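[1] give me the fold of what follows.
(3 chains, ligands or ions: 4)
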Amino acid sequence: MSSTDVTHHAPEEHGHDHDHGEHGPAKGLMRWVTTTNHKDIGTLYLWFSLIMFFIGGAMALIIRAELFQPGIQIVDPMFFNSMTTMHAIVMIFGVVMPAFVGLANWMIPMMIGAPDMALPRLNNWSFWIMPFAFTIMLSTLFMDSGGPAGGWTLYPPLVLQMGDSFAFVIFAIHFLGISSVMGSINIVATIFNMRPPGMTFMKMPMFVWTWLITAYLLIATIPVFAGAVTMLLTDRFFGTSFFSAAGGGDPVMFQHIFWFFGHPEVYILILPAFGIVSSIIPTFARKPLFGYDSMVYATASIAFLSFIVWAHHMFTTGMPLAGELFFMFSTMMISVPTGVKVFNWVATMWRGSMSFETPMLFAIGFVIMFTIGGLSGLMLAITPADIQYHDTYFVVAHFHYVLVPGAIYSLMAATYYWLPKWTGNMYDEKLGKLHFWISTVFVNVLFFPMHFVGLAGMPRRIPDYSLQFADWNMIATIGAFGFGFSQLMFVYIIVKCIRGGEKATAEVWEGARGLEWTVDSPAPYHTFETAPTIQPATITR
Amino acid sequence: MSSATGYYIPHAARWPIVGSIGLFIFFYGFATWLNQGPFGREMFILGAGVLIFMMFGWFGLVARESESGTYNGQVDSSFRLAMMWFIFSEVMFFAAFFGALFYARTFSGPWIGGLGGGGADMTNAILYQGHDYVWPSNGPGDVGGKFEQMGWFGLPLINTLLLLSSGVTCTFAHHAIRAGHRQPFILWLLATVSLGFLFVGLQAVEYIHAYDAMNLKLTSGIYGSTFFMLTGFHGFHVTMGAIILLVVMLRATRKHFSAENHFAFEAAAWYWHFVDVVWLGLFIFVYLI
Amino acid sequence: MTSSVSRWALLSLVLLMLPLGAWADWGALNMPRGVTQISNEVYTLHMRIFYVCVAIGVAVFGVMIVSMYLHRKSRGVKPADFHESTTVEIVWTVVPLIILIAMAIPAARVLIKMEDFSDSEMSIKVTGYQWRWQYEYLDSGVSFYSQLDAAHNQARQQGADVDLAKAFPGTSFHGEEDVYLRQVDNELVVPVGKKIRFLHTAADVIHSWWVEDLAVKKDAIPGFINENWALIEKPGIYRGKCAELCGRDHGFMPIVVRAVPQEEFDTWIADKKVAMAANAAQADRQWAHQQLVANGKQVYEANCMSCHQAEGQGIPGMFPAIAGSDVATGNIDTHVDTVMNGVAGTMMSKFSQVLSDADIAAVITYQRNAFGNDTGDTVQPLHIKSLRMGLSTDKGADLPGKVASMPALNSNTGVN
Ligand code: HEA
Ligand code: HEA
Ligand code: CUA
Ligand SMILES: [Cu+2]
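    Numbers count the residues shown, from 1 in each chain, chains lettered A, B, ... in the order given. Ligands and ions are numbered 1, 2, ... in the order given. The predicted structure is shown next:
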């Protein structure tokens, strides 16, 4: 795009006197394909993940519809398994991770006062890998042999039985991995290198901190995952014996390597959420975040501990006793820094002056329901008990509590919180609140009964179950459809807000602090081309 | 920290989408090829071609921008950070394979051989009576048949020396460009690249010998798997590193780089040293111990 | 206005939960106590950590709710400005740590007990197959396969029009009733009052042997043996299932353990030995074509139907049809080979381990004559037996077979 085709609604009072002049967005499709603007790329990521959320959600609804009643009514067990697998892959790699990267793109430069991300072209590539990678991933569902059906954990030897889709799935994972690592490198470079004078590390907003640490988790673990799936590939096609006892390998070795990635991965899915909540609660409590320093240290401790707890997913694989004890203790330890975070949020609310706009509702919903999920995680960490819980719906309940009213709620909170900044319009507050309440009712109807059937003995990843689980499964399915369809409201509210509404001020929220609230709403196409001066009032701590 | 003013932000990037399409064709083709599907290999080659085209285009663009002074010091730091953490991610990629080696030698191998103690002993007693564990192992199934272990003396040792001296020549090159001496810079680079390719060549000789004379193959159980995957990925990285250094050298002959501005070379040199260090790990854990 | 929205929503949350709760079967809400000492200890541990978690939840949410009530802007409160206190930070780091230590100690104690495999009085090797279990009593040589009961297997097929609640009455979880998907053809019979050691392994993919009432769950890993133990005090029927995703029919791999007094167990073992000998003799005689077809139908329905479907029509794109299949109407040797050795890298697994000679002969004869494949061919068990002699040498040829063909696993004495 040359600099001549510039027309944009960006407010004119923003000074541009650089050699590359004033660039609004170009027009047409190529604007989005070639863009290097962090806001454009953030927008792309966010829309992508919203679409994927409905795809992954539709898969979940197929799962739930089959589980509505005992007996096999709708889908073949094989297809059921591939729905379970694909649902998880789509939700984790196609929804939560890209959505967080999208928020990072939009907000980190604005929060630290940078003109853009450090490596804008690479940024473009990080995004434009996603649609291609997921094209490969989702296309496997249409292959004769069906999609991957061995669970998102891809355990061999089962995964090696997959038909033609096997190689495609492996390469799609490599493809996605490239995107994640490049995206993370970009975020690290941005945070280290693009802060203006005065924005010291300990003045950065919590969201930036949590993303910095998340980026490290990604850089350190995604390549390990890539290595693990590469070994799967060679075991299947090139005759290696990594995961076969006959050749001196071990199927469980894959589980160790996988979970060395997989456990930090679940914190990748939650740390940015912690950052979001740490931004929202102070705003609506009209009181600074309690214990900023300890929040930073707690996040770092969680990240550190996440590297030494992986085998808590493997308590039934027959590890030596010493290993089981070690992983039990280290896993339990994670509750301490996580608890510090929860207590700090509560202390931030304490003696504040709270109002309950939609972002705050979602943030509070997050704190409560994430804690429920975290506490069931703590129960899972107790090895003797986990031997009963493992691979039952109790585990499914645990991780959906931390992921859906956890990670997904934080995304909704973030959307409502920053939507006025992105679009310049206020969203419909009444509908937003309604969306929160309907979602919250249904999400509990959906996931709470899973604790019961899990404890009573219902294994996960089964398309049919015995009759004593029937009632609670029926309830969960009702909850799933309720929750799923109420998300259409979310889309409606966003679209409505983009198309118009009450104009938002620069500050948007009464108690909001931080650099992003010093620029206009909608945020101009380019912000902070000259470094802002950091004043106490513009930092969040 | 320098101010953000004047940070170069390119305004339209066309190469990334070319790269994505290239990767897409490449991966799709590779997977189809593995499944013996139609046009798999053709797509694979086409994809690789597009990727190479993309790299030429993209790196060429960056090189031009760099030479025309578009980048300020802050952009330079971004590049440095990115390269550093990219190398770290590569380290973690190798860690997965070193981890597999470690696990097989410390845990699964001894368990299968009945040396595990505790509960693991039954594995040998029931499934593999008479199988003793010794490294190198191709498992109780004797997968791939009898093979010889690759010793450390001879080619591997020579290769170690080659790679270590290439690290030294690389450092000399660095000193040369820092002093602004272009000719020695090019020559030292030439030496480095040559040592690198010599290494790869000897590695190929070693592989051929392993396959032909020692019956040591990728399919030789866990020993063959870890041996070839670790040395293979390393060899691939050496090749890439040597090509990058070669490109740097060719750019140097075209009067690119100056005493102050030569990050492309430095990045390549970091990469080279990383490859060096990985080799030392390999030499110790794969060959020596 | 907006607060009325939230009030309504809260009210409906409560209202929605109430009838749903009353409707449900409250019996299936919690972990069962089980019937071994270990399972009781695990249950106690579970309840203890559960109460601790509830207490933490009540405390944290309690403070939040109080705060949300008292410190609302709409009540006109002015925000305080504190944002740090080293003392409280230390308190809420140390107190949870203490709680955790208090939880970890009993947990470690139970764990150490669970992992004590010494002094077992008998051993049973449990091998997972897709999708059945093989039980080998190492002390007496008795060995058999156990899989989902045929009636249940019929009922769970897609499109089977069975009213499950009527066909499989009884919803009690721990009762003796014939509950849907929890019945097998051959039960695992064990004596009470003995410390039984289970040795788990698998032939193809990872399975996991889980009986909740015994608080045992251990992965069955191909190529490795995992140990486990139980000491059952009370006679009874204890049901479990495979707990690790193992492919298409992972949900249909139940376990039934029948614990009986020692004398009853001894008789059972003796009977089983007689039956095994009789079965082995089956392979040595010539069979009538009609007999083979009739037996083959049963074998087919128990082992093949879930993939190749009741009418042999298969599932397009996933499982080939047997009706009109080139293999089932063409060369007999290819057909035999497909069934005995499976097709590497597909879900067509190797049945030479799982089925007896008589069963293999029967099912092949059946497939070649059913579904309109009227070839008229007959395959005799003796033919299979002679092939099997040559078979056990194919060491590590195909992928899942690598392990299954290890000598120790190769002894097929199956009664099926
Ligand atoms: C966002 C994702 C996320 C998060 C944050 C967590 C957080 C935790 N998880 Fe979870 N987990 C998953 C996602 C996540 N998990 C997924 C996806 C799986 C299944 C994967 C699969 O098999 O497919 C899983 C499975 C899983 C298992 C394996 C279960 C099994 O398969 O048998 C275990 C076992 O230890 C576990 C433990 C924990 C623990 C201890 C935490 C802790 O971090 C929780 C800490 C939080 C709290 C404890 C609450 C707040 C604290 C306080 C209020 C302080 C007071 C507390 C005390 C005094 C204790 N998780
Ligand atoms: C971030 C991660 C994430 C998220 C958000 C979710 C969201 C949901 N999950 Fe999922 N889930 C996982 C991660 C996640 N899950 C993982 C990791 C597993 C383990 C997989 C494995 O075992 O390998 C799993 C497994 C899993 C299971 C167990 C399957 C099994 O063991 O067999 C179930 C069953 O109920 C389930 C249900 C749901 C439901 C109902 C939702 C709901 O929240 C979804 C909400 C629904 C919608 C948003 C639907 C919207 C759609 C419409 C309104 C229809 C219109 C359609 C179009 C316009 C196309 N999930
Ligand atoms: Cu066997 Cu699941
Ligand atoms: Cu974990």
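[2] quick one, helices of the stretch 51-200 of chain B?
    Remark: helices assigned in the stretch 51-200 of chain B by DSSP state H, counting those that start in this stretch are B:73-103, B:109-112, B:121-122, B:155-178, B:182-213.
[3] for ligand 3, which of those is the nearest?
    helix B:121-122 (20.6 Å; C-beta to the nearest ligand atom). All C-beta atoms are positioned from the backbone trio N, CA, C, and that covers glycine.
[4] quick check: mean pLDDT across that closest one?
    For helix B:121-122, the mean pLDDT works out to 76.
[5] what helices or strands is that helix leaning on?
    Judged by 3 or more C-beta pairs under 8 Å, 6 or more residues apart in numbering or on different chains; DSSP states H and E, helix B:121-122 has no packing partners among the helices and strands.
[6] hang on, the earlier thing: JSON lines for the helices of the stretch 51-200 of chain B, including mean neighbour count and distance to residue A:201?
    Formatted as JSON lines, the helices of the stretch 51-200 of chain B follow (neighbours: other C-beta atoms under 10 Å in any protein chain shown; distance: least, C-beta to C-beta, whole Å):
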{"stretch": "helix B:73-103", "mean neighbour count": "19", "distance to residue A:201": "15"}
{"stretch": "helix B:109-112", "mean neighbour count": "25", "distance to residue A:201": "45"}
{"stretch": "helix B:121-122", "mean neighbour count": "19", "distance to residue A:201": "52"}
{"stretch": "helix B:155-178", "mean neighbour count": "18", "distance to residue A:201": "31"}
{"stretch": "helix B:182-213", "mean neighbour count": "18", "distance to residue A:201": "38"}
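[7] tell me the phi and psi of the residue in chain C that ligand 2 sits nearest to?
    Among all residues of chain C, residue C:245 sits closest to ligand 2, at 7.1 Å; criterion: C-beta to the nearest ligand atom. Residue C:245 has phi and psi values of phi -50, psi 120 when expressed as degrees, to the nearest 10.
[8] let me know the secondary structure of the most centrally placed residue in chain B.
    Nearest to the mean C-alpha position of chain B, by C-alpha atoms, centre = their mean, lies residue B:237 at 2.1 Å. Residue B:237 carries the three-state label helix when classified by DSSP: H, G, I helix; E, B strand; the rest coil.
[9] contact partners for it?
    With contact taken as C-beta atoms under 8 Å, 6 or more residues apart in numbering or on different chains, residue B:237 is in contact with B:90, B:275, B:278.
[10] run through those residues and flag the ones next to ligand 3.
    The subset of the contacts of residue B:237 within reach of ligand 3, by C-beta under 6 Å from any ligand atom, is empty.
[11] which residues of the stretch 101-250 of chain B lie near chain C?
    The stretch 101-250 of chain B has residues B:111-112, B:119-120, B:122-123, B:125-129, B:140-143 near chain C, with proximity defined as C-beta under 8 Å from any C-beta of the partner chain.
[12] buried among these? Make that a PyMOL selection.
    Only the buried members of these end up in this PyMOL selection, burial being decided by 16 or more other C-beta atoms under 10 Å in any protein chain shown:
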select buried, chain B and resi 111+112+119+120+122+123+126+127+128+140+141+142+143
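[13] related to what we said a few turns ago, what about the residue of chain C closest to ligand 2, how many residues nearby?
    The local packing count at residue C:245 equals 26, with neighbours defined by other C-beta atoms under 10 Å in any protein chain shown.
[14] look up how far residue A:310 lies from it.
    Noted for residue C:245: a distance of 19 Å to residue A:310, by C-beta to C-beta, to the nearest Å.
[15] what do you get for residue A:417?
    Using C-beta to C-beta, one obtains 33 Å as the distance from residue A:417 to residue A:310.
[16] my guess is residue B:266 contacts residue B:174. True?
    Yes - checked against C-beta atoms under 8 Å, the pair residue B:266 and residue B:174 is within contact range at 7.3 Å.
[17] look at the residue in the stretch 151-289 of chain B that chain C sits nearest to and report its pLDDT.
    At 9.8 Å from chain C, residue B:221 is the closest residue in the stretch 151-289 of chain B, using C-beta to the nearest C-beta. Predicted confidence (pLDDT) at residue B:221: the value is 89.
[18] contacting residues for it?
    If a contact means C-beta under 8 Å, 6+ apart, then residue B:221 has A:241, A:247, A:248, A:249, B:137, B:138, B:139, B:141, B:142, B:143, B:144 as its contacts.
[19] show me what residue of chain B gets nearest to ligand 3.
    Closest to ligand 3 within chain B is residue B:127: 19.0 Å, counting by C-beta to the nearest ligand atom.
[20] roughly how far apart are that residue and residue C:125?
    As for residue B:127, its distance to residue C:125 is 10 Å (criterion: C-beta to C-beta).
[21] can you pull the contacts of residue A:443?
    Applying C-beta under 8 Å, 6+ apart as the definition, the contact partners of residue A:443 turn out to be A:369, A:404, A:405, A:479, A:483.
[22] repeat that for 6 Å
    Residues near residue A:443 by C-beta atoms under 6 Å, 6 or more residues apart in numbering or on different chains: A:404, A:405, A:483.
[23] pretty sure it sits in a helix.
    Yes - with three-state DSSP as the criterion, residue A:443 is part of a helix.
[24] distance of it from residue C:385?
    With C-beta to C-beta as the criterion, residue A:443 and residue C:385 are 59 Å apart.
[25] over to residue A:125?
    When residue A:125 is compared with residue C:385 (using C-beta to C-beta), they lie 62 Å apart.
[26] mind checking which of those two has more residues around it?
    A side-by-side neighbour count of residue A:125 and residue C:385, using other C-beta under 10 Å, places residue A:125 first with 26 against 18.
[27] name the nearest residue to the more buried one, ignoring sequence neighbours.
    residue B:16 (3.5 Å; C-beta to C-beta, 6 or more residues apart in numbering or on different chains).
[28] next up, the contacts around that neighbour.
    For residue B:16, the contact set (C-beta under 6 Å, 6+ apart) comprises A:124, A:125, A:128.
[29] model confidence for the residue nearest to residue A:250 when sequence neighbours are not counted, exactly?
    By the measure of C-beta to C-beta, 6+ apart, the closest residue to residue A:250 outside its immediate chain neighbours is residue B:108, 3.6 Å from it. According to the per-residue confidence, residue B:108 scores 88 in pLDDT.
[30] likewise for residue B:213?
    With respect to pLDDT, residue B:213 has a value of 87.
[31] could you report the distance from it to chain A?
    Computed with C-beta to the nearest C-beta, to the nearest Å, the distance linking residue B:213 and chain A is 20 Å.
[32] skipping adjacent residues, who's closest to that residue in space?
    Excluding its sequence neighbours, the residue lying closest to residue B:213 (C-beta to C-beta, 6+ apart) is residue B:148, at 8.0 Å.
[33] now swap in residue A:336 and tell me
    residue C:96 (5.3 Å).
[34] ok, that neighbour touching residue A:337?
    No - the pair formed by residue C:96 and residue A:337 falls short of the contact definition of C-beta atoms under 6 Å, at 9.7 Å.
[35] how is the spatially closest residue to residue B:34 that is not a sequence neighbour assigned, secondary-structure-wise?
    Counting by C-beta to C-beta, 6+ apart, residue B:34 lies nearest to residue A:167, which is 4.5 Å off, once chain neighbours are set aside. Secondary structure state of residue A:167, per three-state DSSP, is helix.
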